[in-house]
Every structure is written in structure tokens, then in C-alpha cells.
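Trainee: no sequence for this one, just the structure:
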């Protein structure tokens, strides 16, 4: 698993849809363009939700990885 430099981290482990997306949106809204948010989530639905949310909002999903049931997403604010 690579370590991408992030400006902020958001732990959504143990939260189910739609909370990881709602918390991600709130965190990204408070960031500057170009900054990167690292999100960790255990909700299997986040695998589909995060890419579709990023695409819908115009933000960039840089990377997604999974280790031991924990999904890690890196999202760059556009």
C-alpha cells in the first residue's frame, strides 16, 4: 500500500452508508483546491460510493486500496 501525502485524514471506520460520504463531503468542502483527503472506511458500499461521489462532484479519487477489510481512499479536491 502506498502512502500518498494527505492534508487531512478522516476515519469513517464502523460507519455505514451514507455517513462515510456525508462526512467526506463535509471534510472536502472545508479544504482548498488541490488538497488531498485520506479517508478510511469499513463499509463495503464505500467501494462504489466514493468513486461515484468523486466523479459526480468533480473531485479526483487518486487511489483506493483495501487491507484487512479497511478501505483507504485518497481524494483530491478540485
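Mentor: Ah, there it is. Everything numeric here is computed off the predicted structure, so don't read it as measured data.
Trainee: make it CA atoms for all contacts and neighbour counts henceforth
Mentor: Noted.
Trainee: What's the local residue count around residue 25?
Mentor: Per other Cα atoms under 10 Å, the neighbour tally for residue 25 reads 14.
Trainee: which SS state does it fall under?
Mentor: The local conformation at residue 25, judged by DSSP: H, G, I helix; E, B strand; the rest coil, is helix.
Trainee: Look up how far residue 37 lies from it.
Mentor: The gap separating residue 25 from residue 37 is 10 Å, by Cα to Cα, to the nearest Å.
Trainee: Over to residue 55?
Mentor: As judged by Cα to Cα, residue 55 and residue 37 stand 15 Å apart.
Trainee: what about these two, which has more around it?
Mentor: residue 37 (24 against 11).
Trainee: doesn't residue 74 make contact with that one?
Mentor: Yes - using Cα atoms under 8 Å, residue 37 is in contact with residue 74, at 5.7 Å.
Trainee: what touches both of those two?
Mentor: Shared contacts of residue 37 and residue 74 (Cα atoms under 8 Å, 6 or more residues apart in numbering): residue 6.
Trainee: So the residue lying farthest from the centre of the chain versus residue 10, what's the distance?
Mentor: In the chain, counting by Cα atoms, centre = their mean, residue 68 sits farthest out from the average C-alpha position, at 17.1 Å. From residue 68 across to residue 10, the span is 18 Å (Cα to Cα).
Trainee: ok, now residue 42?
Mentor: Taking Cα to Cα, one finds residue 42 at 12 Å from residue 10.
Trainee: pLDDT value on residue 23, please?
Mentor: Here, the pLDDT recorded for residue 23 equals 98.
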